[in-house]
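S.K.: Predicted structure and sequence below. I'll ask about it afterward.
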Amino acid sequence: MGQLQFKEALEHITYHTPAFPQEEFDIIRQNFDEAKPFFYEALDYTHANPESVPDEYELHFYALLFLGEFKDRDSFEKIVEYVSVTSDQLDFLLGDFVTEGLKDVIYNTYNGNLELLKNTIRNKDVCIYVRSAMLDVMGQLFLDGMLAKEDLQNFLKEQFAAKEDEQEEIYTFAVEISCKCHLVELMPDIRKLYDEDKIDSFIVGSYDDCLDLMFQYYENNDLNILCKSPVSADQIKDWPMFEQNSKKKAKPDYEKLIKNLSENTAPKPQKKRKIGRNDPCPCGSGKKYKNCCLNKPKEVMTQIESDEEREKRLRYYPPVGTERVESRIYLEDYFDKESIETDQLLYLAMKDRPVSFFGINVSDKSTNKKRELAYLLEAFDRFRDRMQKEQIPSIAAYDKKYSIHYLCKEWLAELEALLQESGDTEERDEVLKYYNE
């Protein structure tokens, strides 16, 4: 392959082309060492003159992709300096790539300079999404065993305590990394951030969602936050910046989507087969129903809803009583069986909220009040028994030792409101003894 072909390929990708430059990219790959100086020069040029860069100029963008693809460690500090500009400048230079692929490039060019990563995250003048990308890289380094747990935890605690004026999203991104790295020890700090209303629930959900995420693993990708394998410049082939040969996708049928979501989320009535007195008992004893389970009292939990419905509502609850996988953490590592059972009752009551899709509610909270009240009352009985049996002095002391997803004040307030609405003054007075501490 001659020198002329390489130079022509480089010239062709210097400015935007309507079609994806596959042939040019292939030539660049075969001559990467020769292309590196041109890539460095493109980064230096656009970094020094962001306001004067022509709209069609693309070489700096392709440079990042190829440097990441070839894991060019020598370019790491140059790349970090390059992206440490104002948000407006970065948006003009890289656009959506800041959130779509920058973290993969930074990870794949990382040269071991951890302090540079940390200082960039600390720098409030740097674009918040660049700081987030650096946090992702730190999280992946921890999962790779290249960063000590204590080092990552201490740095995240530093971010939680930092005073932010305009970029409070850093708290949310730090919480997200804490959960993806399963740093349960940071949950008290995270709860405090939620209490101070510093977390964007649109990104990581409410506190109970956050706790679920802390114990969530993915079978095929449970140690990856970002792309550990070399990124490829070809990954942008389907981006809108290039002409596409494929036919346009039909617009989604939103009415059908809403209908399907409603059917999948709204509580469905359970069809029950009537059992005759002389039919075989469904428990499998071999006796007739009238001589076996007909007059037996039902278990409290079964009276509230079926096992199947309960399991469905607990589908995102941290796995309990399952076969353990080495290196994973489990709720049982931190809480005893009684605490978890009480917490599951609270979760079943508090977690079920109306689902909104395109501004339309597809589940009715009012139909769930009886179930919610029943679960809260069962949880309250267990809570009260433990408070009395162990002579726990306050709900704050109970929270510190036994509360998991919800603090006592949260669910006691909900229970008190439901009891007031139902007119059960006697039980409400019992709840108020603890709630008004």
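M.R.: Alright, I've got the coordinates. Numbering: from 1, shown residues only.

S.K.: Now do the helix or strand hosting M187: everything it contacts.
M.R.: Assigned by DSSP states H and E, M187 falls within helix 187-195. For helix 187-195, contacts defined as C-beta atoms under 8 Å, 6 or more residues apart in numbering pick out K157, F160, Y171, V175, S178, I199, S206, Y207, C210, L211, M214, L407. Any C-beta I mention is one placed from the backbone N, CA and C, and that applies to glycine too.

S.K.: go again using 10 Å as the cut-off
M.R.: 153, 156-157, 159-161, 168, 171-172, 174-175, 178-179, 183-184, 186, 198-199, 201, 204, 206-208, 210-211, 214, 334, 399-400, 403-404, 407 (C-beta atoms under 10 Å, 6 or more residues apart in numbering).

S.K.: Can you tell me which of these are buried?
M.R.: By neighbour count, with 16 or more other C-beta atoms under 10 Å, the contacts of helix 187-195 hold 153, 156-157, 159-160, 171-172, 174-175, 178-179, 183-184, 186, 198-199, 204, 207-208, 210-211, 214, 399, 403-404, 407 as buried.

S.K.: about what we covered before: show me which positions of the helix holding M187 end up buried.
M.R.: For helix 187-195, by 16+ other C-beta under 10 Å, it's M187, D189, I190, R191, L193, Y194.

S.K.: From those residues, pick the one nearest V126.
M.R.: Nearest to V126 out of the buried residues of helix 187-195 is L193 (C-beta to C-beta; 21.0 Å).

S.K.: For the closest one, report the pLDDT, please.
M.R.: For L193, the model assigns a pLDDT of 95.

S.K.: swap in R310?
M.R.: For R310, pLDDT reads 89.

S.K.: W239 now?
M.R.: Reported pLDDT for W239: 87.

S.K.: what do you get for L226?
M.R.: So L226 comes in at 70 (pLDDT).

S.K.: what's the helix or strand for it?
M.R.: Going by DSSP H and E, L226 is not part of any helix or strand.

S.K.: For this protein, give me the ranges with low pLDDT.
M.R.: Scanning the chain for pLDDT under 70 picks out 1-4, 219-223, 227-230, 245-278, 281-302, 352-367.

S.K.: which residues of it fall in strands?
M.R.: Per DSSP state E, the chain carries strands over the ranges 356-357, 360-361.

S.K.: Next, format the buried residues of helix 187-195 as CSV and append distance to A374.
M.R.: Output for these, formatted as CSV (distance: C-beta to C-beta, whole Å):
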residue, distance to A374
M187, 28
D189, 34
I190, 30
R191, 27
L193, 32
Y194, 27
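
S.K.: Return the distance of A374 relative to R428.
M.R.: 15 Å (C-beta to C-beta, to the nearest Å).

S.K.: what's the burial count for E115?
M.R.: 8 (other C-beta atoms under 10 Å).

S.K.: same question, A379
M.R.: For A379, the count of nearby residues is 24 (other C-beta under 10 Å).

S.K.: Distance check, it against Q344.
M.R.: Distance from A379 to Q344, by C-beta to C-beta: 9 Å.

S.K.: Also Q22?
M.R.: 54 Å.

S.K.: Which one of the two is surrounded by more residues?
M.R.: More crowded of Q22 and Q344, by other C-beta under 10 Å: Q344, with 23 against 11.

S.K.: Could you pull up the contacting residues of that one?
M.R.: For Q344, counting by C-beta under 10 Å, 6+ apart, the contacting residues are 301, 310, 313-314, 317-318, 320, 331, 351, 375, 379, 404-405.

S.K.: Let's see that with 7 Å instead.
M.R.: Residues in contact with Q344 (C-beta atoms under 7 Å, 6 or more residues apart in numbering) are L314, Y317.

S.K.: For it, give its distance to D333.
M.R.: Taken as C-beta to C-beta, the span from Q344 to D333 is 17 Å.

S.K.: Same check on E305?
M.R.: 29 Å.

S.K.: ok, now E326?
M.R.: 13 Å.

S.K.: Neighbour count for those two, which is higher?
M.R.: Remark: of E326 and D333, D333 carries more neighbours, 10 against 4, as counted by other C-beta under 10 Å.

S.K.: so K198 makes contact with E169?
M.R.: No - look at K198 against E169 with C-beta atoms under 7 Å: they stay out of range, at 9.6 Å.

S.K.: burial of L373, as a residue count?
M.R.: L373 has 21 nearby residues by other C-beta under 10 Å.

S.K.: Let me see the contact set for the residue lying closest to it once chain neighbours are set aside.
M.R.: Once flanking residues are discounted, L373 sits nearest to L418: 4.7 Å by C-beta to C-beta, 6 or more residues apart in numbering. Applying C-beta under 7 Å, 6+ apart, we find L418 in contact with K369, E372, L373, L376.

S.K.: what about the first one, neighbour count?
M.R.: As a burial measure, K369 scores 13 neighbours (other C-beta under 10 Å).

S.K.: Setting the sequence-adjacent residues aside, check what's closest to it.
M.R.: Closest residue to K369 apart from its sequence neighbours, by C-beta to C-beta, 6+ apart: L418 at 6.5 Å.

S.K.: For this protein, give the helix that spans the most residues.
M.R.: helix 369-389 (DSSP state H).

S.K.: what's near enough to touch E305?
M.R.: R371.

S.K.: can you give me phi and psi for it?
M.R.: Phi and psi for E305, reported as degrees, to the nearest 10, are phi -160, psi 170.

S.K.: Great, nothing more from me.
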